[in-house]
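Q: What shape does this take:
(chains A and B)
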There are 2 protein chains.
Amino acid sequence: MEINEKAYKLGSNRSVIRELFEYAKKRSAEVGADNVFDFSIGNPSVEPPEIVSQTITELLKTENAVALHSYTSAQGDPGTRKAVADSINRRFGLNLSPDNIYMTCGAAASLTISLKAVLNPGEECIVFAPFFTEYTVFIENAGGVVVQSKPTDDMQIDLDDFKSKINKNTRAVIINSPNNPSGVVYPAETVKKLCDILKAKETEYGKTIYLIADEPYRELVYESVTVPYVMNYYDDSIVCYSFSKTLSLPGERIGYIAVNPNMKDGKNVYLAVCGAGRMLGFVCAPSLFQHVIKRCIDAKVNVDVYKANRDMLYNALTEYGYTCVKPDGAFYLFVKTLEKDAVKFSERAKGKDLLVVPCDDFGVKGYVRIAYCVAADTIKRALPKFKELITEYKLN
Amino acid sequence: MEINEKAYKLGSNRSVIRELFEYAKKRSAEVGADNVFDFSIGNPSVEPPEIVSQTITELLKTENAVALHSYTSAQGDPGTRKAVADSINRRFGLNLSPDNIYMTCGAAASLTISLKAVLNPGEECIVFAPFFTEYTVFIENAGGVVVQSKPTDDMQIDLDDFKSKINKNTRAVIINSPNNPSGVVYPAETVKKLCDILKAKETEYGKTIYLIADEPYRELVYESVTVPYVMNYYDDSIVCYSFSKTLSLPGERIGYIAVNPNMKDGKNVYLAVCGAGRMLGFVCAPSLFQHVIKRCIDAKVNVDVYKANRDMLYNALTEYGYTCVKPDGAFYLFVKTLEKDAVKFSERAKGKDLLVVPCDDFGVKGYVRIAYCVAADTIKRALPKFKELITEYKLN
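A: Numbering: from 1, shown residues only, chains lettered A, B, ... in the order given. Take a look at the predicted model:
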């Protein structure tokens, strides 16, 4: 092949999510959008907080246009980085400076940059199944090798399995909580034990193992659930954040990387982050939205909407006889399929215009992901179809 | 080293431009910003066209906020891609469809993605000196090998030298006109000859050689100069564009890749572009600015301001005895240094608070780059210092 084969394959093998997303558009044209129940994509459905649009309007009126849209330094506007550091310190009792923060074009950029910064070709990166499919792409782009750790039955981390997957070639571990696609939150006890294992392994092998927390869903948690902050448990940690879900701005590509100020080699890791960003072609995070973040750092969407969706969907599906873990956060329900083959199940659901994502690529077989970041009415009208589906399965 | 050494080195060896930019801030704090003449960075100084801020305000008022800030498809909003394709077709008599356009997070992204799409590890990419320093970083990130072709005395392409640099391992060529750092525009005759050479070499080696045109400065040309459009000369061509300079929005990271519709393998190249974007962590180009581009596709900044700066600076410096090519576009003047060592010359200029970039890393020794995208008054007040500098050199 004359072009880059890996890039070509990735471009032509559309992700299963993207396939369904495109199918939804086609099918909507045929039967009307109201009759297609698209649970395929994690596109936030809740309005951004009003302060976002107010802030943009205000910035356009009051700021010098050249300055507002100008390059920031590669690591980000100093005021924005200070706002982010201060917010983390306030919330999690830490002591970050703006020089621990690197603003990015969203969560995917946070990850590709962090992985490129810490991985050397051939080194291993552990991910916990079920995991966001793109982790594989990002780790491989950094020259790394993906190692999967399997979950417990309730989609939590299996610490024994995790321990068995660490070896002298392990360089990084990605943790994602609240989790895409399961919606589970890893409790403090698990995170503490996981970090204790990592510390022991660092000592055993005399090397650094980086813990990368991918946290786009941090603010989307329900009731009194809290998400432990990895920096309080492990020095060699990096937090990859995005405002996509917190502020319902997924298209604007704005997030950050935070390097633990207590990391022994932290300054060098930060420099490697800067270098990796440069290599990948990220010049700076979008400047208007950096200014928005500086002024809206503590804003967030109305999470109650997602909670109401979760309750309606979870309660109904479990009542009908479906099996799934009750999600504490994010906006996904991870449902056991009614036949072994998740792709076949998804196809059968598609026959009822229920678009759900088969999760084989997420590292767990026999599950689909239902993204419930949709209008409540869509869920309401979809429920009878989910009921029909399980009834049919029971009859056959 | 426990982290990625390449990333660390790139992050810690700041570019010479970035060094001067930081020095300017420090020095301004000491002697006042008015007394520091910072010609180091290509940050547009002309206001964005008014229609940009009007359009944003309008979009915020009229569009649904969720849709406005939502993910677009990875290749970009269909309406935006259509506006881009139509504009290219109108201006250059071509026949692009939206499916030839892939929206990006700016010029650097356009390049890293295109290079990753077409290069296989170890393949060569030819660049024409003087060239933007980051080309080296981007080509190496794609696993490619940089091959430099030297310029003629007037900073044009030396076609014989170019021809001698092509071999069976050549996969791509980057052309940048108007050029950073020289400001020269390659005339149609040169582009035609260059493309004829490429066609002959493609036939000789029985392989595809991609011509990548990096065109962030396309709209910044003076008087009646026109910049030939490579797609009209060569089928295996890709145009990398950015609105950073055209609309004075460098911080917003918005641009595109256009794949020649007449490229034999064009569909596959486009798919490889999609895959490369995915690998590098570019989910989509910033959505608000995609919507802005759709509505402001033919807007551009007032180029007369840059032209006036060019005239004032070029006329004065050549009168004082400096040697430089008269730039037809972009906002850089490429000046022969008054001693062999460009770094030493730049240091001596720094002693007069004139911050100019030594261009050794741009592939040509003995030159500095003066970015004249500054207030006219800054140039006016800097002129006596440039005069002093050359007078001192003449005395010693």
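
Q: Which part of the stretch 51-200 of chain A gets nearest to chain B, residue-wise?
A: Residue nearest to chain B within the stretch 51-200 of chain A: A:Thr112 (3.2 Å; C-beta to the nearest C-beta). C-beta coordinates here come from the backbone N, C-alpha and C atoms, glycine included.

Q: Please give me every residue in contact with that residue.
A: A:Phe138, A:Asn141, A:Ala142, A:Ala276, A:Leu280, B:Met279, B:Leu280, B:Gly281 (C-beta atoms under 8 Å, 6 or more residues apart in numbering or on different chains).

Q: and with 7 Å instead?
A: A:Phe138, A:Asn141, A:Leu280, B:Leu280, B:Gly281 (C-beta atoms under 7 Å, 6 or more residues apart in numbering or on different chains).

Q: Grab the nearest non-local neighbour of the second one.
A: Residue nearest to A:Asn141 in three dimensions, not counting chain neighbours: B:Met279, with 4.4 Å by C-beta to C-beta, 6 or more residues apart in numbering or on different chains.

Q: Doesn't that neighbour lie inside a helix?
A: Yes: counting by DSSP: H, G, I helix; E, B strand; the rest coil, B:Met279 falls inside a helix.

Q: contacting residues for it?
A: A:Ala7, A:Leu10, A:Val137, A:Asn141, B:Lys116.

Q: Quickly find the element holding the first one.
A: By that I understand A:Ala7. In the assignment (DSSP states H and E), A:Ala7 maps to helix A:5-12.

Q: again, but for A:Ile126
A: strand A:124-128.

Q: And whatever helix or strand comes next after that strand, how far out from the chain middle?
A: Next along the chain after strand A:124-128, taking DSSP H and E as the criterion, comes helix A:134-141. Here helix A:134-141 is found 13 Å from its chain centre; the criterion is C-alpha atoms, centre = their mean, to the nearest Å.

Q: For helix A:134-141, which residues meet the burial criterion?
A: A:Glu134, A:Tyr135, A:Thr136, A:Val137, A:Phe138, A:Ile139, A:Glu140, A:Asn141 (16 or more other C-beta atoms under 10 Å in any protein chain shown).

Q: May I ask which two of the contacts of B:Met279 are separated the most?
A: Among the contacts of B:Met279, the pair separated by the greatest distance (C-beta to C-beta) is A:Val137 and B:Lys116, at 12.3 Å.

Q: end-to-end on stretch A:179-190?
A: 14 Å (C-alpha to C-alpha, to the nearest Å).

Q: Repeat that for stretch A:314-332.
A: End-to-end for stretch A:314-332, by C-alpha to C-alpha: 10 Å.

Q: need the helices for the stretch 201-350 of chain A, in chain order.
A: A:266-280, A:287-295, A:303-320, A:342-350 (DSSP state H, counting those that start in this stretch).

Q: any chance of those in JSON lines, plus mean pLDDT?
A: Output for the helices of the stretch 201-350 of chain A, formatted as JSON lines (pLDDT from 0 to 100):
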{"stretch": "helix A:266-280", "mean pLDDT": "97"}
{"stretch": "helix A:287-295", "mean pLDDT": "98"}
{"stretch": "helix A:303-320", "mean pLDDT": "98"}
{"stretch": "helix A:342-350", "mean pLDDT": "96"}
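
Q: Cool, thanks, talk later.
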